[in-house]
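In: Fold the following for me, if possible:
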Amino acid sequence: MTVADRPTPLVELGLAFEMLQRRDAHPVFSAWRRRVARTLPRPARPLLQLVFPLGAGPLFLDPPSHDLEEGVDQILSTPKSQARTELRRMCSIDRPLTPWVRDLADRDREAWQILGQAVRAAHADLIAEAWPRIRAGFRAETAWRSRVLAQQGLHVALTGLAPNIRWRGTILEAPFPRDLDLTLRGQGIVLHPSLFWSDHLLAAPHPDGRLLLIYPAVTPLPLDDTSTSDDPLTAIVGTTRAQALRLLVHQHTTTGLARELAVSPAAASMQAKTLREAGLIVSQRDGKVVWHWCTPLGLDLLVHGST
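Out: Residues are numbered from 1 along each chain as shown. Sure, this is the predicted structure:
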């Protein structure tokens, strides 16, 4: 198993469109969704006909190219048979068979020109300006995950990718909207974090035959402020959670943590929940209060993040 070395713009773009359509996703995306819904340019909107909000889209729509124009060229070069197969699959899941989607399936030249324009317009609006933050957050996330993989092994690295993942013998079980069985056949796994995704694991074939597992980064894009910080711990978990993790070297209740962070108890509880799901703190209820404190992994991250 390896960890991806850099983000890919069209993968992030597809996930951004999926998150845009969610109404039950991570609350930190709420303001982002409202803003994008108002400002998304009209030429980009055809993509909403292709992307399923629970984490799926035509496989030809997000090639793992690191260059936008190269990726667009790959999209526009999709063979007719592959396009038809993927569009049929998406329409069977959730997407309506609109006249434009039908034209795409028929490889109509104008329809595919509209698709290319939509990808470029969407990238300019959602990805281009945020790309330095996406890249910095990606680097911090993958550096941390690589360290977890090296020090604690495959089982810990995989079960820590998202909530409710568990091992049953040699089988990894994870929540997913549909029943899906994946067999590796000895070809390996590539871990790929996304700053735009905040839900279950996503699986897709990697061009080299390995399985690509896309998982939510600990710090989603709306909370990522790495461009304004030289602190490596902040680069991984964000300013408020880095401060919370440092405070939780000593036990704090949710109320005490909120007071120290100068946030509401509900906000403190949300920060603690994210840190807990990342394995950095543990929480224990004692009557009407909940106590939080660092795990060994959290302490280890604090120590190495300050060097």
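In: Run a quick neighbour tally on R23.
Out: Each residue near R23 was counted by other C-beta atoms under 10 Å, and the total is 7. For the C-beta atoms, the positions are set from N, CA and C on the backbone; glycine is no exception.
In: distance of it from L158?
Out: 29 Å (C-beta to C-beta, to the nearest Å).
In: Need phi/psi at L40.
Out: For L40, the backbone dihedrals (degrees, to the nearest 10) come out as phi -60, psi 120.
In: Excluding residues flanking it in the chain, which one is nearest it?
Out: Spatially, and ignoring its direct neighbours in sequence, L40 is nearest to D125 (6.2 Å; C-beta to C-beta, 6 or more residues apart in numbering).
In: Local confidence estimate at that neighbour?
Out: We note a pLDDT of 95 for D125 in this prediction.
In: Mind checking what secondary structure it has?
Out: helix (DSSP: H, G, I helix; E, B strand; the rest coil).
In: Break this structure down into its structural domains.
Out: When the chain is parsed into structural domains using automatic domain parsing, the resulting residue ranges are 7-127, 131-219, 229-305.
In: Need phi/psi at the closest residue to P53 other than its chain neighbours.
Out: Taking C-beta to C-beta, 6+ apart, and ignoring the residues beside it in sequence, P53 has Q21 as its nearest neighbour in space, at 3.7 Å. The phi/psi pair for Q21 (degrees, to the nearest 10) reads phi -90, psi 0.
In: which ones are touching Q21?
Out: Contact partners of Q21, counting by C-beta atoms under 8 Å, 6 or more residues apart in numbering, are L48, V51, P53.
In: The second one is in contact with L10, isn't it?
Out: No: using C-beta atoms under 8 Å, V51 is not in contact with L10; the gap is 11.8 Å.
In: Find the residues that touch each one of these two.
Out: Listed contacts common to V51 and L10 are L61; contacts here mean C-beta under 8 Å, 6+ apart.
In: P207 - that's part of a helix, no?
Out: No: inclusion of P207 in a helix is not indicated when three-state DSSP is applied; the result is coil.
In: Look up how far H192 lies from it.
Out: Going from P207 to H192 by C-beta to C-beta gives 13 Å.
In: Of those two, which one has the most company?
Out: Set P207 next to H192 and count neighbours by other C-beta under 10 Å: H192 wins out with 25 against 9.
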